[in-house]
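Chemist: only geometry, no sequence info:
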Ligand code: SF4
């Protein structure tokens with residue numbers, strides 16, 4: 001039976017095949033990825049605070065959050081946000097026209113055309 005879990009791209013597993021450039025600057029790249037994929041039933045306020053503080057100081061937090069939303073990451077904390085928080089953010093972004101549903105039922109970021 002295959003592994004159906006979402007790929008873990010944080011921390012040491014940053015060297016996996018699927019590695020956007022921004023991940024090279026991730027503050028968590030040398031951290032234990034388990035911190036960002038806590039057991040929901042055991043996540044303490046302290047764990048959440050540790051994640052939020054780490055992500056708050058990360059230079060690629062915006063890229064991380066956007067990536068998680070458009071690639072439908074259902075697990076873990078990305079950009080300092082839990083899956084439930086990301087769902088809320090995605091709905092706000094959708095209403096604001098920042099993302100739109102693609103033909104393959106995923107999400108795409110709408111960018112302003114570059115004239116430069
Ligand atoms: S925002 Fe947080 S989870 Fe995302 S790359 Fe930075 S430290 Fe890692």
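Modeler: Received, thanks. Keep in mind that this is a model prediction, so the values were computed, not measured.
Chemist: helix or strand right after the top helix by length along the chain?
Modeler: Looking across the chain with DSSP state H, the single longest helix is helix 83-96. Proceeding C-terminally, helix 83-96 gives way to strand 99-101 as the next helix or strand, assigned by DSSP states H and E.
Chemist: by contact count, what packs against the longest helix of the chain?
Modeler: In terms of contacts (3 or more C-beta pairs under 8 Å, 6 or more residues apart in numbering; DSSP states H and E), helix 83-96 is packed against helix 61-70, strand 99-101. (C-beta placed from N, C-alpha, C; glycine too.)
Chemist: Would that helix count as contacting the ligand?
Modeler: No: Helix 83-96 lies out of reach of the ligand by C-beta under 6 Å from any ligand atom, never closer than 11.5 Å.
Chemist: Tell me the buried residues in that helix?
Modeler: Neighbour-count burial for helix 83-96 flags 86, 89, 90, 93 (criterion: 16 or more other C-beta atoms under 10 Å).
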